[in-house]
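Visitor: okay, here's the prediction I keep looking at, along with the sequence it came from:
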Amino acid sequence: MKKTVRDIDTKGKKVIVRCDFNVPQDKEGKITDDIRITSALPTISYLIEQGAKVILMSHLGRPDGEANMKYTLKPVADRLSELLGKRVLFISAPEVVNEEVSQAAAGLSDGGVMLLENVRFRKEETKNGAAFSKELADLAEIFVNDAFGTAHRAHSSTAGVADYLPAVSGFLIEKEVKFLGNAVEAPERPFVAIMGGAKVADKILVIENLLTKVDTLIIGGGMAFTFLKAMGYEIGKSILDAENIGLAADLMKKAEAKGVKLVLPTDVIAAMEFSNDVEIREFDSNRIPQEWMGLDIGEKSIALFRDELKNAKTVIWNGPVGAFEMSNFAKGTIEVAKALAEIDAVTIIGGGDSAAAVEQFGLADKMTHISTGGGASLEFLEGKELPGIAVLEDK
Ligand code: AMP
């Protein structure tokens, strides 16, 4: 177990907190979804209440080590001020830390809050450069990591800074570790995983790890076709990860050897083009005609998946089961989300597209936990230790 902000005394202390404020913005820089900011509020508010001097930092987009004002965190500082109902001091320093910033940090009052400029304005950030880590650390007395979305990266602001300061987690990381960790290590059974998304290659390690844990593995989405191909099925021009057909066959063998039930779509909704404006037809998944590509699971598969989920007690879902961005191919993903919303089980949505889908369908509050980190939750489910968590002190 890692220490959290609850386990240390922060009163009157300067606390530097790594948040994930990598918010989506429109062309004018207006924030289009502030969930990443609101997710960070419990930790920030707690530190304010404790009387800490709060120094926040984050990256935003990919400025590639240059002070490109398109990626300034100013809009985040403004939104955060509104949400907290108090001033958030923001100095748009191109070098992130400079004399003015250091003085402002030193001059914070108890319960005061400031936000640093985008840490990726500095080239050293993504290289975990020691000098930059030290500059950040010198602003504070305690490091809190609450950025689960970047915890799988060893950067100056996520890991390096912990070389110089006592380091603990915020509430968001605590919650992610609790739900993702418990689900994988001590699940109530039956434990079912649903994997979807475009490519098998991205999720091989997750599947391998989950095969040692789950009772049932449901595979949908684009990646199902590589498995169907490995079974000798005709998949038409459905998306295929040709290099990984052998691997899919191995994974199926592994599942069998471990007694894990592997469930694949038995039918698909198909089109001749990757488009929402063309004719659609339903085919059995073992004979998709040459010119057609499967873009969603069909009705029989929906019923099959629902049946597998009905009695589950723990479910992890990562990746849509169809090209859900197009309405013609969204039904399978909607039905999976609904099935999860209905069952009496711990339901965990592993970030990225499936999290977006659940939000889009208005079912987010029906899930036990929606991970805020796409890549990070995948690496967690692969069984890897994330660098931004590894550096935190143990209880
Ligand atoms: P990933 O980022 O790997 O989770 O993949 C998500 C993407 O997979 C989404 O953008 C979906 O549109 C896409 N996807 C899901 N099912 C299919 C499919 N049958 N064919 C092509 N793309 C798909």
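Guide: Noted; the coordinates are in hand. Here the structure is a predicted model, which is why all the values come from computation and not from measurement.
Visitor: around the ligand, pick out the residues from the stretch 101-250 of the chain.
Guide: 197-199, 202, 221-222, 239 (CB under 6 Å from any ligand atom). Glycine gets a C-beta too; all of them are placed from N, C-alpha and C.
Visitor: so which of those sit within strands?
Guide: Members of those lying in strands (criterion: DSSP state E): none.
Visitor: farthest-apart pair in these, please.
Guide: Farthest apart among these by CB to CB are Asp202 and Ile239. That separation is 12.5 Å.
Visitor: would you check that Pro24 makes contact with Asp33?
Guide: Yes - applying CB atoms under 8 Å, one finds Pro24 in contact with Asp33, separated by 5.3 Å.
Visitor: what residues are shared contacts of the two?
Guide: Common contacts of Pro24 and Asp33 (CB atoms under 8 Å, 6 or more residues apart in numbering): none found.
Visitor: and the residue in the stretch 1-150 of the chain positioned nearest to the ligand, what is it in contact with?
Guide: Of the residues in the stretch 1-150 of the chain, the one nearest the ligand is Gly149, at a distance of 14.9 Å by CB to the nearest ligand atom. Applying CB under 8 Å, 6+ apart to Gly149 gives the contacts 20, 22, 36, 351, 372-376.
Visitor: change it to 7 Å
Guide: Contact partners of Gly149, counting by CB atoms under 7 Å, 6 or more residues apart in numbering, are 20, 22, 372-373, 376.
Visitor: do the same with Glu100
Guide: 91, 93.
Visitor: tell me which residue of the stretch 101-250 of the chain lies closest to the ligand.
Guide: In the stretch 101-250 of the chain, the residue that lies nearest the ligand is Gly197 (2.5 Å; CB to the nearest ligand atom).
Visitor: and the gap between the residue nearest to that residue when sequence neighbours are not counted and the ligand?
Guide: Nearest residue to Gly197, sequence neighbours excluded (CB to CB, 6 or more residues apart in numbering): Gly319, at 3.0 Å. Distance, Gly319 to the ligand, using CB to the nearest ligand atom, to the nearest Å: 4 Å.
Visitor: thinking again about what came up before, phi, psi of the residue of the stretch 1-150 of the chain closest to the ligand?
Guide: Backbone torsions of Gly149, given as degrees, to the nearest 10, read phi -60, psi -20.
Visitor: likewise for Gly232?
Guide: The phi and psi torsions at Gly232 (degrees, to the nearest 10) take the values phi 90, psi 10.
Visitor: who are the contact partners of the residue nearest to Leu340 when sequence neighbours are not counted?
Guide: In space, and not counting its chain neighbours, Leu340 is closest to Thr347: 4.6 Å by CB to CB, 6+ apart. If a contact means CB under 7 Å, 6+ apart, then Thr347 has 315, 340, 367-368 as its contacts.
Visitor: what pairs with whichever strand or helix holds Thr347, parallel or antiparallel?
Guide: Following DSSP states H and E, the helix or strand that holds Thr347 is strand 346-349. In the sheet, strand 346-349 lines up against strand 314-318 (parallel), strand 369-370 (parallel) (DSSP bridges).
Visitor: poorly predicted segments of the stretch 1-150 of the chain, please.
Guide: For the stretch 1-150 of the chain, no stretch has pLDDT under 70.
Visitor: what about Asp33, how many residues nearby?
Guide: Applying other CB atoms under 10 Å, we find 12 residues neighbouring Asp33.
Visitor: swap that for Ala67, please
Guide: When neighbours are defined as other CB under 10 Å, Ala67 has 17 of them.
Visitor: which SS state does the nearest residue to Ile207 once chain neighbours are set aside fall under?
Guide: Nearest residue to Ile207, sequence neighbours excluded (CB to CB, 6+ apart): Leu251, at 5.7 Å. Secondary structure state of Leu251, per DSSP: H, G, I helix; E, B strand; the rest coil, is helix.
Visitor: can you report how many residues lie near Leu251?
Guide: Using other CB under 10 Å, Leu251 has 23 other residues around it.
Visitor: first to last residue in stretch 235-248, what's the distance?
Guide: Start-to-end span of stretch 235-248 (CA to CA, to the nearest Å) is 15 Å.
Visitor: ok, stretch 287-297 next?
Guide: 14 Å.
Visitor: redo the contacts of Thr347 as TSV? Include pLDDT.
Guide: Below are these laid out as TSV (pLDDT from 0 to 100):
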residue	pLDDT
Val315	97
Leu340	97
Met367	96
Thr368	94
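Visitor: of all the residues you listed, which comes closest to Pro75?
Guide: Distances from Pro75 to these, taken by CB to CB, are shortest for Met367, at 28.5 Å.
Visitor: rewinding a little: how much space is there between the residue nearest to Ile207 and Glu208?
Guide: 7 Å (CB to CB, to the nearest Å).
Visitor: so the residue nearest to Gly197 is in contact with Gly221, correct?
Guide: Yes - contact criterion CB atoms under 7 Å: Gly319 and Gly221 qualify, at 5.3 Å.
Visitor: list only buried entries from the contacts of Thr347.
Guide: With neighbours counted by 16 or more other CB atoms under 10 Å, the contacts of Thr347 contain buried members at 315, 340, 367.
Visitor: out of those, who's nearest Lys14?
Guide: For the buried ones among the contacts of Thr347, the nearest to Lys14 is Met367 (36.5 Å; CB to CB).
Visitor: list the contacts for the closest one?
Guide: 340, 347, 349, 358.
Visitor: gap between it and Asp64?
Guide: For Met367, the distance to Asp64 - CB to CB - is 35 Å.
Visitor: same deal with Val113?
Guide: 28 Å.
Visitor: now Gly129
Guide: 15 Å.
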